[in-house]
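1. what's the 3D shape of this:
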Amino acid sequence: MDLQVATLCDFAAEYQGKMVISGTFDALAAKATPIVHPQCSLAMRFCFTPEDAGEHELQISIIDEDGKPINDKMPIKGGMPVQMPDNMAFLTRHLIVGFQGLTFPEPGVYSVDIMVDSELIQRLPLRILKVDQNQPQPQG
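-> Presented below is the predicted three-dimensional model:
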């Protein structure tokens, strides 16, 4: 199993078998804490081979620098069954998870952890910044 794409973004959708990603980022900035991001998505593209067939568990968690989840809804868990058609060398699937009202209590470095079968397969860093009104916001 290979996670080919994993990114936080403003918007993601699947269209005619293709994943459309808009506004990928790794930093959020705001003038006041807590910092609330109204809406974003985690876009993922998995590539499976015949050896991956079977039941798997996917777990997504957004954690702070101490490894604590940002809220009581984390981790998000779900089954990820993989069924491979006969005589197929590989199969790709897109998974898009939408988040609304993500709240970060204070500035710092956070992580989006993606786990499959209790194994961390990707950690996306996320900088949360508090800026003053006159300071330009970072590009991420």
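2. Work out the gap between the one helix or strand in the chain whose mean pLDDT sits lowest and the centre of the chain.
-> Counting by mean pLDDT, DSSP states H and E, the weakest-scoring helix or strand in the chain turns out to be strand 27-30, with a mean of 89. On the basis of C-alpha atoms, centre = their mean, to the nearest Å, strand 27-30 is displaced by 16 Å from the centre of the chain it belongs to.
3. Any buried residues in it, and which?
-> Along strand 27-30, the positions that meet the burial threshold by neighbour count (16 or more other C-beta atoms under 10 Å) are 28-30. Every C-beta, even on glycine, is put in place using the N, C-alpha and C of the backbone.
4. what packs against it?
-> Using 3 or more C-beta pairs under 8 Å, 6 or more residues apart in numbering; DSSP states H and E as the contact definition, the elements that strand 27-30 packs against are strand 35-48, strand 119-130.
5. who wins for proximity to residue 109 among the ones you listed?
-> Among those, strand 119-130 comes nearest to residue 109, with 5.8 Å by C-beta to C-beta.
6. contacting residues for the most centrally placed residue in the chain?
-> By C-alpha atoms, centre = their mean, the mean C-alpha position of the chain lies nearest to residue 42, the distance being 3.5 Å. Remark: with contacts taken as C-beta atoms under 8 Å, 6 or more residues apart in numbering, residue 42 is in contact with 6-9, 12, 60, 96-97, 99, 112, 114.
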